[in-house]
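Participant: no FASTA, just this:
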């Protein structure tokens, strides 16, 4: 819930929202501007609410575009989103019917009963699922993924109405995707995208020091929910901007140390697996490998193991 609130606070900026739509809706073309966006009331008449919703003006055409922020896996999500879509259309129908009810002279005999004219039209609605969870999204991306249709005759399958989810998994975005963003969404999405990889995390921060030392406070609040930013010290906020030079340096060091700790175990496993191809590993040698904590030493040992012709040669070369 906390991350959900931070996403709403961050994305409910017309410049960022327009950037999001241009990047993921128009493949990077600059079609929508901040002036084209009017944020909608996200509360539905049935008591449910959406995360974000904007009425987008495209000249003579309008479209309602929503964004649902998802942190945890929801294996029923397509049905949930269908409910949001239905309510968006149903609320429009109710408004049109109320208008027509007060203007009955404009209705013909066939339109009078349901108070909806043949020429009445609804504003189309599109929803993007913005997923930033730690695990890969393995949930359904369309309604048919949830349906038990293995034994359904093919002719009846053709009659089924499907519903497809527009999934944006931040951790699976490519550099090409990131470069389609033109506001600070580019930096925020990029850092969240690589937040689980210490080396890439370091590269992103070091390649964009101007932004990460003067990031807007709402951007910092969001990023801190996905990294260790919220735990670092010496954060200075001046006029809504976060000064993070020292904090960033400390965080990079922390992330690298975390990566080394995880990588050290992987190195020890790789050395053991490599040596096992040469013969049986003694308990003493296995203990020596297991007790080694230096990441640089383990890298060297793995290189020696891949070149060794015997376990004895490996033991001799690591002394």
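Facilitator: Sure thing, it's come through. These numbers come from a predicted model, not from an experiment. Numbers count the residues shown, from 1 in each chain.

Participant: and residue 65, helix, strand or coil?
Facilitator: With DSSP: H, G, I helix; E, B strand; the rest coil as the basis, residue 65 sits in strand.

Participant: and it, how many neighbours?
Facilitator: 23 (other Cβ atoms under 10 Å). For the C-beta atoms, the positions are set from N, CA and C on the backbone; glycine is no exception.

Participant: cool, residue 108 as well?
Facilitator: Residue 108: 8 neighbours (other Cβ under 10 Å).

Participant: check contacts around it.
Facilitator: Neighbouring residues of residue 108 by Cβ atoms under 8 Å, 6 or more residues apart in numbering: there are none.

Participant: distance of it relative to residue 92?
Facilitator: 21 Å (Cβ to Cβ, to the nearest Å).

Participant: ditto for residue 74
Facilitator: Counting by Cβ to Cβ, the gap from residue 74 to residue 92 is 26 Å.

Participant: ok, now residue 51?
Facilitator: Going from residue 51 to residue 92 by Cβ to Cβ gives 19 Å.

Participant: swap in residue 5?
Facilitator: Following Cβ to Cβ, the distance that separates residue 5 from residue 92 is 28 Å.

Participant: right, and residue 133 touches residue 73 too?
Facilitator: Yes - between residue 133 and residue 73 there is a contact under Cβ atoms under 8 Å: 6.6 Å.

Participant: burial of residue 186, as a residue count?
Facilitator: Quick note: residue 186 (other Cβ under 10 Å) scores 18 neighbours.

Participant: quick one: pLDDT of it?
Facilitator: What the model reports for residue 186 is a pLDDT of 96.

Participant: assumed it was part of a helix.
Facilitator: Yes - assessed with three-state DSSP, residue 186 lies in a helix.

Participant: leaving out chain neighbours, which residue sits closest to it?
Facilitator: residue 178 (5.7 Å; Cβ to Cβ, 6 or more residues apart in numbering).

Participant: cool, and residue 107?
Facilitator: That would be residue 100: by Cβ to Cβ, 6+ apart, it lies 6.0 Å from residue 107.

Participant: ok, now residue 56?
Facilitator: residue 63 (5.0 Å).

Participant: how near is that neighbour to residue 90?
Facilitator: From residue 63 to residue 90 the distance is 17 Å (Cβ to Cβ).

Participant: cool, and residue 122?
Facilitator: Residue 122 is 10 Å from residue 90, where distance means Cβ to Cβ.

Participant: likewise residue 2?
Facilitator: Taking Cβ to Cβ as the measure, residue 2 and residue 90 are separated by 31 Å.

Participant: neighbour-wise, which of those two wins?
Facilitator: residue 90 (14 against 9).

Participant: residue ranges of each domain in the protein, please.
Facilitator: The chain breaks down by automatic domain parsing into domains covering 2-172, 182-255, 260-317.

Participant: low pLDDT regions in the stretch 201-319 of the chain?
Facilitator: 202, 227-263 (pLDDT under 70).

Participant: let me fix that: the stretch 1-150 of the chain
Facilitator: Residues of the stretch 1-150 of the chain that meet the cut-off, pLDDT under 70, sit at 1, 44-46.

Participant: can you rerun that using 50?
Facilitator: By pLDDT under 50, the stretch 1-150 of the chain has no low-scoring segment.

Participant: tell me where it has helices.
Facilitator: Ranges of helices within the stretch 1-150 of the chain are 2-11, 14-25, 77-101, 109-112, based on DSSP state H, counting those that start in this stretch.

Participant: end-to-end on stretch 13-33?
Facilitator: Its first and final residues considered, stretch 13-33 spans 11 Å by Cα to Cα, to the nearest Å.

Participant: need the contact partners of it.
Facilitator: 10-11, 34-37, 39, 52, 54, 56, 58, 65, 67, 126, 128, 166, 168, 177, 179-185, 218.

Participant: coming back round to it: just the domains of the chain: most buried one?
Facilitator: domain 182-255 (a mean of 17; mean count of other Cβ atoms under 10 Å).

Participant: which strands and helices sit next to the helix or strand harbouring residue 314?
Facilitator: Element membership of residue 314 [criterion: DSSP states H and E] is helix 311-317. Applying 3 or more Cβ pairs under 8 Å, 6 or more residues apart in numbering; DSSP states H and E, we find helix 311-317 packed against helix 295-307.

Participant: need the contact list for the nearest residue to residue 317 once chain neighbours are set aside.
Facilitator: Computed as Cβ to Cβ, 6+ apart, the closest residue to residue 317 that is not its neighbour in sequence is residue 304, at 4.9 Å. Residues near residue 304 by Cβ under 8 Å, 6+ apart: 314, 317-318.
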